[in-house]
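Undergrad: 3D, please:
(2 chains)
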Amino acid sequence: MKILAVQLLRMGDILMTAPALASLRLQHPDAEIHLLINRSCKKIASLLEDVDRIHFFDRELLQKSLGDPNQSLLLAHDQLAERVLEWSCEDYDLMINFTQNRLSAHLCSVIKAKQKVGMHYSQSEMLQFNSFWLSQLNREEAELADGRLHFSDLFQLATGTAQFVAGRLKAADSAATIHPGQLVIQATTSDPQKDFPEQVLREFLRQLDKKQSGIERIVLLGAPYEEARLKEILTGLEFSSLEIALECCSFSRAKQVIESSALMLTVDTSTKHIAGFTDTPIVELALGWSDRFRTGAYQDGALIVSSPVGNLSGESATEEGRSAGLCAEQLSAIALVDIVLARITGREIDRELVARADLKVEQVCFDAFGFWCLKPVVNSAYRELFELQIARAKAQMRIDESTGFQVGHLSFLLKEFCAESLPASVQLEFKRFLASRITNCRKEYRETERQLLEVDRQKLSPLAVIGPVIQITADRRRAFELKASMKRTQSELKLVESLDQQLMEYS
Amino acid sequence: QADFVCPALSLHGEAFRSEVLVTESLSIFKAQSKWKQLLRSPYRVLRFNPVCSQQASLYNAFEELLLGRTLESLQFQLQKRNGLSRQFTLDKIRPESDAHLLSIKDLEEALSPGANHDEIHLIRALRELVV
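TA: Next up is the predicted model:
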C-alpha cells in the first residue's frame, strides 16, 4: 500500500501532522508513507520518523517562473505538470490532504490516487472531503470560538483511527544529558506579534537572575539568521548568577538543546512543536494570533500562558490589543518567572500574583479518550470552566449540524454535559458521542442554538433554556444513563458498543 | 533556411550539448517542426548577447515567441501543443494594452468551458501562487 500525506503549510503544521503519520503507520504497518511539503520546510521534515519518502512542492520556483517576464508563461505550467505526473506515477492507494487551502485542493485534484481524503475536487468539479473531520477544518476556524479540536487530534481522526497515538521524531544518535539548571527560551517567531516582547524578556532575565532560583544557564534558541537580533536583545545586560548562551542552529540541534534542558519557555513557533515530542516540560506564551486551542503545545502537563489582552485570536481580545499588538508589552515578567519556577520545581503557582498580572494559565492534558484539552490553572473559577464547557458543547453542535442530529439528543446530552456532577471524562465521552452519532437536525436545533447564545449573553443557567426542547424517549434515556455511568473497563466498553449499536438502530 | 546546430557539442562533448537554431526569418522560425518536441518540455530562454545584439529586433521577435507572454506568441505556443490548445479559448483574453504581458491570471480566464479536469486545476493551483 502507498499513502501520500499532503501538508503544504508551514513547519509547525508539518510537526502537528506527525501524530497522524504515526497513526497511519499503526493502521497500515506495511504501507509506504510519502509526504508532500513545501521545499522551504525540507529541514524540519527530515526529523519525522513515520515517513518513507518526502516530495517537495517548489512553491518559490514556480512563483519565480510565473512572475518573471523573461521566462516562458508556460514554464511553471510545464514544471508543475511534470511533478504532478511523477507523483501520480507513484500510484497511491490513499492520499490525505491535511492542508485546508485552495492550492492544495487543486493539487490534490490532479494527483492520481485510488482514494482521496481531505479537500479536493471530484471529476464532476464538486468540492469533496471524504472525511467528516477535515470537512470541519475551515468551518471551525471561521465560525467557532474556542471549542475546537487541536489540529493534531483532528488530523489523527481524519486518518480514520479509533485510537490516538503519539507522533514520533527521529531519535538522536546519543541520549541527551539533562542539565537541571538550564532553561531554554525560544523568544522569536516569523510573526512579530507572536514574539516574546524584547523588554519583557530582558526584565524576565533580570528577575530570574535576582531570584537565585537554581537556574544557572539560559539558552536562547533561534534560527541562524536571528543571531544578530538575539545578541542585540542581550546588549547591556549583566547578570550575577546567570550564564547566557545563544544557539542559532538547525532543528536537530535545537531538539538536542531542548532535551538537555530542565524546561523550555517558548512562544508559538515550530521549535515549540519539537519540544512537544520531548520530555522537557514546556511553558508556552500564546501571544498575538497564536491560537492555543488549535496549535497549543502538544505535551501532557505543558502550561500555556495567555492574556485576555495579549491574545489576538481568541475570545477576549480587546480592540486595542487587536489594533496595536501592544498587549504583549504589558506581560508581567515577575509573574512569568513565578510560573516558570513553579513548573520546574513542581510547586503551586502564586495564583494571586498571576491573576493580578491578568494572565491566564492553562494546563494541557489528554482525556481518557486521548483528546487534547486545556485545564484552567489560574482563573479557574467555576464560571470560566462552565463557559468553556458551554462553548465546547456549542462547537460540537455546530460540527454535528452538517450531518444533522436530532434535537432531543442534543438537548439531553447538553444538559448532561453541563451537569456539575458528571466527571470530566464522562462529559468528554458525550462530546465524542455527539460527534459520532449523528442523524438529523432541524429547525429546533437552530432555536436551541439561538437560546444558547442568549444564555451566553445573559449568563443564565442553560438548563432553564434547554428544558422545554428535551424530547427523548424512555429507552433512549436509559441507554444514555447507562452510557454516562460506564467505567472504562473492557466489558463495559463492549456494553457501550452494543448500546451504540442499539442507538443506531433506534435512530 | 533554418538549422539546429550545436556548437558546443563538437568542442566540449555531450555534457555541454545545447541546440541553437540558426535562421534568417521569423516565418521559417515559426514553421520549424522541431518546436513541437522542444516546446513540450520545460525550457528557459537564454540570451547570447554577442550574437543577439547583431540582430536585436529579429532576436526580440524570436524571444517573444518562446516566452509566450503576448497573445500572438501564446497562440503560437499552443498551436505547437495540440493537447493544450483545446483547453484554452484565447479570444477571452483582452489585453489592457499592446505592452500588456500575459500572466497566469489571463490563462485562467482563457480556460475553455470544456477544458479537462486536470488542466483546470493545474492552472488554478498556479493561480493560487500569485494571489
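
Undergrad: what residues does chain B put near chain A?
TA: Counting by Cβ under 8 Å from any Cβ of the partner chain, the residues of chain B close to chain A are B:39-45, B:66-69, B:74, B:77, B:84, B:101-104, B:107, B:117-118, B:120-126, B:128-130. For the C-beta atoms, the positions are set from N, CA and C on the backbone; glycine is no exception.

Undergrad: Would you double-check that residue A:60 falls in a helix?
TA: Yes. Going by DSSP: H, G, I helix; E, B strand; the rest coil, the assignment for residue A:60 places it inside a helix.

Undergrad: List the contacts of it.
TA: A:39, A:40 (Cβ atoms under 8 Å, 6 or more residues apart in numbering or on different chains).

Undergrad: Tell me which residue of the stretch 201-350 of chain A lies closest to chain B.
TA: Nearest to chain B in the stretch 201-350 of chain A, going by Cβ to the nearest Cβ, is residue A:289, at a distance of 19.8 Å.

Undergrad: neighbours around that residue, how many?
TA: Under the neighbour criterion other Cβ atoms under 10 Å in any protein chain shown, residue A:289 is assigned a count of 16.

Undergrad: Same check on the one 5 residues further on?
TA: Residues near residue A:294, counting by other Cβ under 10 Å, number 20.

Undergrad: measure residue B:71 to chain A for me?
TA: From residue B:71 over to chain A the distance is 11 Å, taken as Cβ to the nearest Cβ, to the nearest Å.

Undergrad: quick one, what contacts that residue?
TA: Contact partners of residue B:71, counting by Cβ under 8 Å, 6+ apart, are B:90, B:93, B:95, B:102.

Undergrad: So what does it look like in phi/psi?
TA: When quoted as degrees, to the nearest 10, the phi and psi of residue B:71 stand at phi -60, psi -40.

Undergrad: before we move on, what about residue A:51?
TA: According to degrees, to the nearest 10, residue A:51 has phi -130, psi 130.

Undergrad: Settle this for me: it is touching residue A:37, isn't it.
TA: No. Look at residue A:51 against residue A:37 with Cβ atoms under 8 Å: they stay out of range, at 9.5 Å.

Undergrad: Which of the two has more residues huddled nearby?
TA: residue A:37 (27 against 22).

Undergrad: List the residues that contact the more buried one.
TA: Contacts of residue A:37 were listed using Cβ under 8 Å, 6+ apart, and they are A:7, A:8, A:14, A:45, A:54, A:55, A:56, A:57.

Undergrad: tell me the secondary structure for it?
TA: For residue A:37, the secondary-structure state derived from three-state DSSP is strand.

Undergrad: if I look at it, how far off is residue A:83?
TA: When Cβ to Cβ, to the nearest Å is applied, the distance between residue A:37 and residue A:83 equals 13 Å.

Undergrad: what touches both of these two?
TA: What both residue A:37 and residue A:83 touch, as defined by Cβ under 8 Å, 6+ apart, is the set A:55, A:57.

Undergrad: Give me the nearest residue to residue A:351, chain neighbours excluded.
TA: In space, not counting the residues next to it along the chain, residue A:351 is nearest to residue A:378; the distance is 5.1 Å by Cβ to Cβ, 6 or more residues apart in numbering or on different chains.

Undergrad: same question but for residue A:44, I mixed them up
TA: By the measure of Cβ to Cβ, 6+ apart, the closest residue to residue A:44 outside its immediate chain neighbours is residue A:11, 4.3 Å from it.

Undergrad: Could you tell me how many residues sit around the one you found?
TA: The number of residues packed around residue A:11, counting by other Cβ under 10 Å, is 24.

Undergrad: Can you measure across stretch A:63-74, start residue to end residue?
TA: Across its full length, stretch A:63-74 reaches 12 Å end to end, with Cα to Cα, to the nearest Å as the criterion.

Undergrad: check whether it contacts chain B.
TA: Yes. Stretch A:63-74 lies in contact with chain B when judged by Cβ under 8 Å from any Cβ; the contacting residues are A:63, A:66, A:67, A:69, A:70, A:71, A:72, A:73, A:74.

Undergrad: average pLDDT for that stretch?
TA: Averaged across stretch A:63-74, pLDDT comes to 90.

Undergrad: hmm, who's touching that stretch?
TA: A:75-76, A:79, B:39, B:43-45, B:66-69, B:74, B:77, B:84, B:101-104, B:107, B:126, B:129-130.

Undergrad: Would you mark the buried spots in whichever strand or helix holds residue B:123?
TA: Residue B:123 is part of helix B:117-129, with elements assigned from DSSP states H and E. Of all the residues in helix B:117-129, those buried under the rule 16 or more other Cβ atoms under 10 Å in any protein chain shown are B:118, B:119, B:120, B:121, B:122, B:123, B:124, B:125, B:126, B:127, B:128, B:129.

Undergrad: can you put these in a markdown table and add pLDDT?
TA: What follows is the buried residues of helix B:117-129, written out as a markdown table (pLDDT from 0 to 100):
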| residue | pLDDT |
| --- | --- |
| B:118 | 95 |
| B:119 | 95 |
| B:120 | 96 |
| B:121 | 97 |
| B:122 | 97 |
| B:123 | 96 |
| B:124 | 96 |
| B:125 | 97 |
| B:126 | 97 |
| B:127 | 96 |
| B:128 | 96 |
| B:129 | 95 |
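
Undergrad: ok, which pair from those residues is furthest apart?
TA: Among those, the pair separated by the greatest distance (Cβ to Cβ) is B:118 and B:129, at 17.2 Å.
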